[in-house]
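> Generate coordinates for the sequence data below:
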Amino acid sequence: MSDDSFPEFEEFGIPAVQLLRGVLYSQDDESTWDILLSHESDLTTYFAKISLTVVIDRGEGLAYLRQLGDDQRTDGYERLPRLFRKTPFSYPATLLCALLRDEYRRYEEEDLDNQRCVVEVEALLDQWKSYFKKESDEVKLRKSLLANLSSLEKLKFVRKFGTGGDTWEVRKILKARLSLDLLEDLNDRLLIAEKK
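Residues are numbered from 1 along each chain as shown. Just a heads-up that it's a prediction; the model follows:
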């Protein structure tokens, strides 16, 4: 295909690419956020053709793509390959999601002074250790915690905050993906797994 046979540039392509790359936050990229809002119907139609839903939470200032569930993939859409794979989290990653979501809940309920939910690695490590055997090596537990934080960073659930690397911001997408009901269910399952 030659360059001159491309269709005319559409501005909504900018947020479309950002959404395919992950979460779009209004605070991170205001101009792309504004384009997203002004082209919401174009984006909805565009992504619906490949069985994706655009989720826009104006209140939280975030947008992301959600794949239709198997029960929604009818009328030929079931023939489309899945864009996003469902990969179950390991126990440590699941545990970390639950701990971070709980931190975000506390931040929303109690911390009225700060714009961001920020957690210290040391405080997380204290909680983290309580889910593992008492004789576990603390150095290994710390490495495991940091490795799982890095994994969640790739999903944009967290990001490093400041320059030290020992402080992390819990991003709003974690709240969107893990509701309080799901958090309760997850905590119950973690308790069962811990007892085994």
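> In this structure, where is pLDDT below threshold?
Low-confidence segments of the chain (pLDDT under 70): 1-4, 86-87, 135, 179-196.
> From Leu125, how far out is Asn148?
12 Å (C-beta to C-beta, to the nearest Å). C-beta coordinates here come from the backbone N, C-alpha and C atoms, glycine included.
> got the buried residues for stretch 64-77?
Tyr64, Leu65, Gln67, Leu68 (16 or more other C-beta atoms under 10 Å).
> Can you get me the start-to-end distance on that stretch?
Using C-alpha to C-alpha, to the nearest Å, the end-to-end distance of stretch 64-77 comes to 20 Å.
> Centre of the chain to that stretch, how far?
20 Å (C-alpha atoms, centre = their mean, to the nearest Å).
> coming back round to it: which member of the buried residues of stretch 64-77 is positioned nearest Gly13?
Using C-beta to C-beta, Leu65 comes nearest to Gly13 of the buried residues of stretch 64-77, at 14.5 Å.
> Tell me which helix or strand the closest one sits in.
Taking DSSP states H and E as the criterion, Leu65 maps to strand 62-67.
> any idea which helix or strand comes after that strand?
The C-terminal neighbour of strand 62-67 among helices and strands, as given by DSSP H and E, is helix 91-110.
> So which elements touch that following helix?
Applying 3 or more C-beta pairs under 8 Å, 6 or more residues apart in numbering; DSSP states H and E, one finds that helix 91-110 contacts strand 117-120, helix 121-129, helix 138-154, strand 167-170, helix 172-177, helix 180-195.
> got the domain boundaries for this structure?
Listed domain ranges for the chain are 3-79, 91-195 (source: automatic domain parsing).
> Off-centre distance for the first one?
Using C-alpha atoms, centre = their mean, we find the averaged C-alpha position of domain 3-79 to lie 16 Å away from the chain's own average C-alpha position.
> Same question for stretch 110-124.
Worked out by C-alpha atoms, centre = their mean, stretch 110-124 lies 18 Å from the chain centre.
> residues of it that come out buried?
For stretch 110-124, a neighbour-count test (16+ other C-beta under 10 Å) marks Cys117, Val119, Val121, Leu124 as buried.
> quick one: contacts of it?
Stretch 110-124 has contacts (C-beta atoms under 8 Å, 6 or more residues apart in numbering) with 96, 99-100, 103-104, 107-108, 142, 145-146, 149, 161, 166-170.
> How about stretch 152-170?
22-23, 93, 96-97, 100-101, 103-104, 107, 116-122, 124, 149, 171, 173-174, 177.
> nearest to Arg85, of the helices and strands packed on helix 91-110?
In terms of C-beta to C-beta, the element of those nearest to Arg85 is helix 138-154, at 13.9 Å.
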